[in-house]
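Visitor: Here is the input, now give the coordinates:
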Amino acid sequence: MKNLFKYLTISLLAFTVSCSSDDDSSNDTILVDGETYLLTSFETETSFDLDGDGDASNDILVETGCLQNNRLIFSTDNTATAINETFLDIYVSEDTSGNLLQLVECDIDNEAIPLTFSQNGNTVNIVDSGETLSGIVSGNTLVFTLNDGFVGEFLNEDGSEGTFELEETIVLTYTRQ
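Guide: Presented below is the predicted three-dimensional model:
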């Protein structure tokens, strides 16, 4: 047992010495200026079977096929544009037996939303209508984590609008193109 402890201590010491800070390039800032990032993952904590294939996934892009070409385009003057080519509509209704039914539609949107952004190290802050969303750049990805979920809109059967709040963590991953 003493030899095992001694071996682990020596191994840990060797590992610690070999991993000096000059070997670590993860602290290098990755600038987003002039880059385009494509939405490649929209993950929720809860898995859903939105496409009705019997397999639930927590990645909304996988489940719906919507939002595939939505992207962020960063300019060099601290402005950006969110290009939303498609929009996801999920309709939930109840059948006569009380079972919930869902219909998922991908609507063509082609919306260009002007944004401003700032970058401090690998943290990117995007501002839209006074709201700030912070993401982290690492390698070829830009990841935004929404810890408070979001508020969405829905249509009631009578045509009136309602809102719902999804109170779970959502992770949006964009990949540099």
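
Visitor: Go ahead and confirm Phe117 touches Val127.
Guide: Yes - using Cβ atoms under 8 Å, Phe117 makes contact with Val127 at a distance of 6.9 Å. Yep, even glycine has a C-beta here, placed from its N, CA and C like the rest.

Visitor: Quick check: mean pLDDT of the host helix or strand of Thr132?
Guide: Thr132 is part of strand 131-138 when elements are defined by DSSP states H and E. Averaged over strand 131-138, pLDDT sits at 95.

Visitor: Mind listing what's buried along that strand?
Guide: By 16 or more other Cβ atoms under 10 Å, the buried positions in strand 131-138 come out as 135, 137.

Visitor: now the closest residue in space to Thr76 that isn't next to it in sequence: how far from Gln119?
Guide: With sequence-adjacent residues excluded and distances taken as Cβ to Cβ, 6 or more residues apart in numbering, Thr76 is closest to Asp33, at 4.7 Å. Distance of Asp33 to Gln119, computed by Cβ to Cβ, to the nearest Å: 8 Å.

Visitor: who has more neighbours, those two?
Guide: Gln119 (18 against 12; other Cβ atoms under 10 Å).

Visitor: partners of that one in the sheet?
Guide: Note on Gln119: beta-bridge partners by DSSP bridges are Val124.

Visitor: and if you look at Ala112?
Guide: On the basis of DSSP bridges, Ala112 is bridged to Ile83.

Visitor: what's the answer for Thr141, then?
Guide: Taking DSSP bridges as the rule, Thr141 bridges to Ser138, Thr175.

Visitor: so who does it touch?
Guide: With Cβ atoms under 8 Å, 6 or more residues apart in numbering as the criterion, the residues that contact Thr141 are 40, 173-176.

Visitor: so can I have a markdown table of these showing pLDDT?
Guide: Below are the contacts of Thr141 laid out as a markdown table (pLDDT from 0 to 100):
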| residue | pLDDT |
| --- | --- |
| Thr40 | 96 |
| Thr173 | 98 |
| Tyr174 | 98 |
| Thr175 | 98 |
| Arg176 | 98 |
